[in-house]
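[1] Next input, structure requested:
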Amino acid sequence: MVEGIEARFLSILHSKSKTFLAFCFSFLVGVIVASIADVSSYSFFLIVILSVTLFVLGFFWNHANSRFFLLMLICFLGGAIRLAMAFPSNQLPPLSQFTGFISAEPDIRIGDARYIIETGGKRLYVKTGLYPEYRYGDVVHVACTVEPPAKDIEGFRYGMYLARLGVFWLCQNPVIKKIGEGEGNPVLRAILSLKYVLQTRVEELWPEPKASFMAGLLYGYRGGLGELEEGFRRTGVSHIIAISGYNITIIATILMSALTFVYIQRQRAFWIVCVGIIGFTLLVGASPSVVRAAVMGLLALTAKQIGRPSRAIYLLVPTAAAMVLHNPFILLWDAGFQLSFAATFGLLSFARLLAPYLKKVGSETCAAILFTLPLLLYHFGQFSLVAPLVNILILWLIPWLMLGGAIAIFLSVLWTPLGFVVAWVVSFGLQYILLIVSGFSRFSFAAFDISLPWWGVIFAYVLLFFLFRFLDRRQTGLITSSL
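    Okay, the predicted model is just below:
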């Protein structure tokens, strides 16, 4: 056993890609430990440790093993320090009123609206009524009580959850008055203006709940689904109305298959789908969560294109480390980031092992479900027994509904009656999915409330790792024996 561990260590030490992967892992672990330990109050202590480590490094630099472990320690401390640096250096004084602008896309829900208002380089979280509506870039005068969010609400670290948005203060009991517009990033303002036009067209072309469903497919809107949202959750298909790496990867895979089926060269189809993903990201508002999902989808597509999906971890982990370097709070406090990473890894590494037992779409669906299930149970506490079947029944139709919806919206701009004709055809597909979801969600056995603790998530992924190794060795053995 010792010899096996030593051999594995040497294989890492003599491989540049594996060494870099180890450093990325160390950085991510540093962020995780610092997040749990609330490292914001220990940043000076960490900087001292890093300085001492660099000093010690000078004495052991010529010893390869010592150099490797010391560099891993530096990456670990670098992750902890990066998190500490992400906290604001000074506190915002209690304000009674201020002027700022809406600095992020509004989060409109069924019963309220949530805005992020920036003033003096600081961002505040405001929850208010649905009306009047405000848009990105609107200049507003606000009267409210400013206070930091509660660090812990019934075991949920609300402050860290908001920190992922760059928000460290709440604006309580706000009175808001719009006094101007046109602030913020002009490119993002133009993108969101296009999204508002898209939203208006969707509401004109389809009745509810089809309009909200189409809005969920096209740009991740979930505000108008009402009770149907629970149906999507119970049947395990909420991902189709949320922009995630899983969603984008599945859509890209099916579109690639469709393009090659109509005799478009694979290389050309690859670039068409890549441009489509980038265009789709811009169309739906290019929010940080959508950009992260698009990056995961593009990585998955690239891995398949170069023919090395089994080496997905060499692409995914450095990409995740780069995203966490930009925003260290997403690693533990952004469920969408975690689910996108897990689903994309499952699609690339595990789907090929299930392919001999299932069809291509079925293997990819089951792989994504297996790798996201522990996180879903941890975050949402619900297990859907019918998810694999419902996914297989409806997933093949999703890209075509999105394409049909986009065509209907485009044609409605040119000539409204023609847009309504295409929207009418698309309605049959929307109705089919809504019937499947509502029908299966009515079964009492469709979903169970099962909550998984954090250690249960770790244990589940350890089991998945051993299952992965077993299937991989089995498949490799079958290939070797056939030769």
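
[2] so how far is Gly404 from the nearest residue to Met402 once chain neighbours are set aside?
    Closest residue in space to Met402, ignoring its immediate chain neighbours: Leu217 at 5.3 Å, by C-beta to C-beta, 6 or more residues apart in numbering. Where you see a C-beta, it was placed from the backbone N, CA and C, and this is true even at glycine. Separation of Leu217 from Gly404 (C-beta to C-beta, to the nearest Å): 10 Å.

[3] Compare the two and say which is more crowded by neighbours.
    Leu217 (24 against 20; other C-beta atoms under 10 Å).

[4] Surely the more buried one is within a helix?
    Yes. Using DSSP: H, G, I helix; E, B strand; the rest coil, the assignment for Leu217 is a helix.

[5] Lys304 contacts Ala351, doesn't it?
    No. Taking contacts as C-beta atoms under 8 Å, Lys304 lies outside contact range of Ala351: 10.0 Å.

[6] Can you pull the domain assignment for this structure?
    Structural domains annotated on the chain: 2-86, 97-184, 195-482, as defined by automatic domain parsing.

[7] just those domains: most buried one?
    domain 195-482 (a mean of 18; mean count of other C-beta atoms under 10 Å).

[8] Average pLDDT for that domain, rounded please.
    Averaging pLDDT along domain 195-482 gives 80.

[9] Run the chain-centre distance for it.
    10 Å (C-alpha atoms, centre = their mean, to the nearest Å).

[10] gap between Val187 and Arg442?
    45 Å.

[11] How about Leu347?
    With C-beta to C-beta as the criterion, Leu347 and Arg442 are 30 Å apart.

[12] ok, Gly419 - contacts?
    201, 205, 408-413 (C-beta atoms under 8 Å, 6 or more residues apart in numbering).

[13] Now it: closest residue in space that isn't a chain neighbour?
    Ser412 (2.5 Å).

[14] Tell me which other helices or strands the helix or strand containing that neighbour touches.
    Using DSSP states H and E, Ser412 sits in helix 398-414. Applying 3 or more C-beta pairs under 8 Å, 6 or more residues apart in numbering; DSSP states H and E, one finds that helix 398-414 makes contact with helix 186-205, helix 210-219, helix 245-261, helix 416-441.

[15] Quick check: which of those helices is nearest to Arg114?
    Of all the helices and strands packed on helix 398-414, helix 186-205 sits nearest to Arg114, with 15.6 Å by C-beta to C-beta.

[16] which residues touch Leu282?
    Ile191.

[17] if you set the cut-off to 10 Å instead, what comes out?
    187-188, 190-191, 194-195, 290-291, 294 (C-beta atoms under 10 Å, 6 or more residues apart in numbering).

[18] Name the next helix or strand downstream of the helix or strand containing it, please.
    Leu282 is part of helix 266-283 when elements are defined by DSSP H and E. Next helix or strand after helix 266-283 toward the C-terminus (DSSP H and E): helix 288-305.

[19] Toward the C-terminus from that next one, list the very next helix or strand.
    Heading C-terminal from helix 288-305 (DSSP H and E), you reach helix 313-326.

[20] list the helices and strands that following helix packs on?
    helix 16-37, helix 64-86, helix 288-305, helix 330-333, helix 335-345 (3 or more C-beta pairs under 10 Å, 6 or more residues apart in numbering; DSSP states H and E).

[21] okay, those helices in JSON lines with distance to Tyr115 next?
    Shown next, in JSON lines, are the helices and strands packed on helix 313-326 (distance: least, C-beta to C-beta, whole Å):
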{"stretch": "helix 16-37", "distance to Tyr115": "26"}
{"stretch": "helix 64-86", "distance to Tyr115": "22"}
{"stretch": "helix 288-305", "distance to Tyr115": "16"}
{"stretch": "helix 330-333", "distance to Tyr115": "20"}
{"stretch": "helix 335-345", "distance to Tyr115": "20"}
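
[22] that older thread, out of the contacts of Leu282, the closest to Ile240 would be?
    Nearest member of the contacts of Leu282 to Ile240, counting by C-beta to C-beta, is Val290, at 14.8 Å.

[23] Any chance you could list residues touching both of Leu217 and Gly404?
    With C-beta under 10 Å, 6+ apart as the test, Leu217 and Gly404 both reach Leu430.

[24] my guess is Phe329 contacts Met85, does it?
    No. Phe329 sits out of contact with Met85 when judged by C-beta atoms under 10 Å, with a separation of 11.8 Å.

[25] which residues touch stretch 373-380?
    Here stretch 373-380 has contacts from 233, 236, 238-239, 335-336, 338-339, 341-343, 346, 369, 372, 382-384, 387, 448-454, 456-461, 463-464, using C-beta under 10 Å, 6+ apart.

[26] and the residues you listed, which of them are in helices?
    Secondary structure from DSSP state H places 233, 335-336, 338-339, 341-343, 369, 372, 387, 454, 456-461, 463-464 of these in helices.

[27] sorry, back to before: right, so of the helices and strands packed on helix 313-326, which gets closest to Trp169?
    That would be, of the helices and strands packed on helix 313-326 and by C-beta to C-beta, helix 64-86, which comes in at 15.0 Å.

[28] Which neighbouring elements make contact with the closest one?
    helix 2-13, helix 16-37, helix 43-60, helix 158-163, helix 313-326, helix 330-333.

[29] Alpha carbons of that helix, as CSV, please.
    C-alpha atoms of helix 64-86 as CSV (Å, rounded to 0.1, in the frame of the first residue of the first chain):
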residue,chain,number,x,y,z
ALA,A,64,11.9,18.3,-5.0
ASN,A,65,9.5,16.7,-2.5
SER,A,66,9.8,19.5,0.1
ARG,A,67,9.4,22.1,-2.7
PHE,A,68,6.2,20.4,-3.9
PHE,A,69,4.5,20.3,-0.5
LEU,A,70,5.6,23.9,0.4
LEU,A,71,4.1,25.1,-2.9
MET,A,72,0.9,23.3,-2.1
LEU,A,73,0.9,25.0,1.3
ILE,A,74,1.3,28.4,-0.4
CYS,A,75,-1.6,27.7,-2.7
PHE,A,76,-3.7,26.6,0.3
LEU,A,77,-2.8,29.8,2.2
GLY,A,78,-3.4,31.8,-1.0
GLY,A,79,-6.9,30.5,-1.1
ALA,A,80,-7.5,31.5,2.5
ILE,A,81,-6.0,35.0,2.0
ARG,A,82,-8.0,35.5,-1.2
LEU,A,83,-11.2,35.0,0.8
ALA,A,84,-10.0,37.3,3.5
MET,A,85,-9.3,40.0,0.9
ALA,A,86,-12.8,39.7,-0.5
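
[30] circling back: might you report the residue contacts of the residue nearest to Gly419?
    So Ser412 contacts 201-202, 204-205, 418-423 (C-beta under 10 Å, 6+ apart).

[31] Looking at the residues you listed, spot the one nearest Phe280.
    Nearest member of the contacts of Ser412 to Phe280, counting by C-beta to C-beta, is Val202, at 14.9 Å.
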